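In: sequence? don't have it. structure:
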């Protein structure tokens, strides 16, 4: 049976349209967001919010996500498999730009594509130096360094010093120390804070902890060591020194809740999510800035054809304040109303 001319034209039109759609999709620039962690980590979720803001109204760019899930699962075998899967995702998707978030994404995947002729790399959330990944000499890499907002934390310590009966102007010494787990990022944070000029306050050092029993002992004993307890990462704290790997780590809400309830000195988180998990107050790097700036750099590479080496590597500038009112009330401490307004505006105020 012969097709009518109209039917033939319609068939040709549909074929052309389908072909055009397939061609457009195949030629759209591709960005692969490679996360070291998973979406159960608030840091990861809020970086994605920043990425979405940076990519707003840019639907012509294909955005794909791959999560390595190396925060709670960090044994050697998982890291090996996560690295293989991440590198395969890059090879299969062949993105124009890989936005690699946090250190494991660089260590297990990004560094293998240094000076790749087709793939550009934008990193974010890197706590330490970029030299271990070969990025400092690479032509296809730029990104955003993550550094704890030490200046803002110091200002907070000065602001709260009167609430604990200290007067810095009269020569009283206000001390702080960091308690954290033994993760790679924690060590790099500790090194950064140790090198910072804390005057007129005094930073008395970092203590790295592996298990909850040791964590409790150190928290209960800090009253003679410091006036404020800074807490960093604690998602890799085992229940006991001899806890088997299959038991996993202590839930962060349990650990932070216990710490806030038992610490003899006020607790200040160095990550904004510490307050969500129970801390009185937190001053942390803005994950929104990390995501937004990484998206801006990726767009500059794609839209303007700017080589990554011509885009300056930047260091985090913005921070987010969060606090828990009930914990402040329990310690009879008050924060300026502008802090409350800031926390409420960023949805980081807790009763």
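Out: Looks like it came in fine. Every value quoted in this text rests on a predicted model; they were computed, and no experiment measured them.
In: ok, which stretches of the chain are helices?
Out: 5-27, 42-54, 76-93, 103-108, 150-160, 184-195, 212-220, 252-262, 273-276, 287-304, 325-330, 337-345 (DSSP state H).
In: ok now the fifth one, how far from the chain's centre?
Out: Taking the mean C-alpha point of helix 150-160 and that of its whole chain, the gap between them comes to 21 Å (CA atoms, centre = their mean, to the nearest Å).
In: same for it, what does it pack against?
Out: Secondary-structure packing of helix 150-160 (3 or more CB pairs under 8 Å, 6 or more residues apart in numbering; DSSP states H and E): strand 228-231, strand 267-269, strand 281-285. C-beta: built from backbone N, CA, C; applies to glycine.
In: Show residues contacting stretch 247-266.
Out: Applying CB atoms under 8 Å, 6 or more residues apart in numbering, the contact partners of stretch 247-266 are 72, 160, 163-164, 212, 215-216, 219-220, 222-223, 226-229, 231, 234-239, 267, 274, 277-281, 324, 327, 331, 333.
In: Report how many residues lie close to residue 106.
Out: Using other CB atoms under 10 Å, residue 106 is surrounded by 28 other residues.
In: How about the contacts made by it?
Out: Contacts of residue 106 by CB under 8 Å, 6+ apart are 100, 123, 126, 130, 133, 135.
In: Next up, the contacts around the residue lying closest to it once chain neighbours are set aside.
Out: Distance criterion CB to CB, 6 or more residues apart in numbering; nearest residue to residue 106, sequence neighbours excluded, is residue 133 at 4.6 Å. Listed by CB under 8 Å, 6+ apart, the contact set of residue 133 reads 106, 107, 110, 111, 114.
In: got CSV for the residues you listed, with distance to residue 298 and pLDDT too?
Out: Converted to CSV, the contacts of residue 133 look like this (distance: CB to CB, whole Å; pLDDT from 0 to 100):
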residue, distance to residue 298, pLDDT
106, 16, 97
107, 21, 96
110, 14, 98
111, 19, 98
114, 17, 98
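In: with those in mind, which one is nearest to residue 96?
Out: Proximity of the contacts of residue 133 to residue 96 (CB to CB) peaks at residue 110, which lies at 14.9 Å.
In: so that closest one makes contact with residue 98?
Out: Yes - with contact defined as CB atoms under 8 Å, residue 110 reaches residue 98; the gap is 6.7 Å.
In: higher neighbour count, those two?
Out: Using other CB under 10 Å as the criterion, residue 110 and residue 98 rank with residue 110 on top: 31 against 28.
In: Okay, that one and residue 43: tell me how far apart.
Out: Per CB to CB, to the nearest Å, residue 110 is found 18 Å from residue 43.
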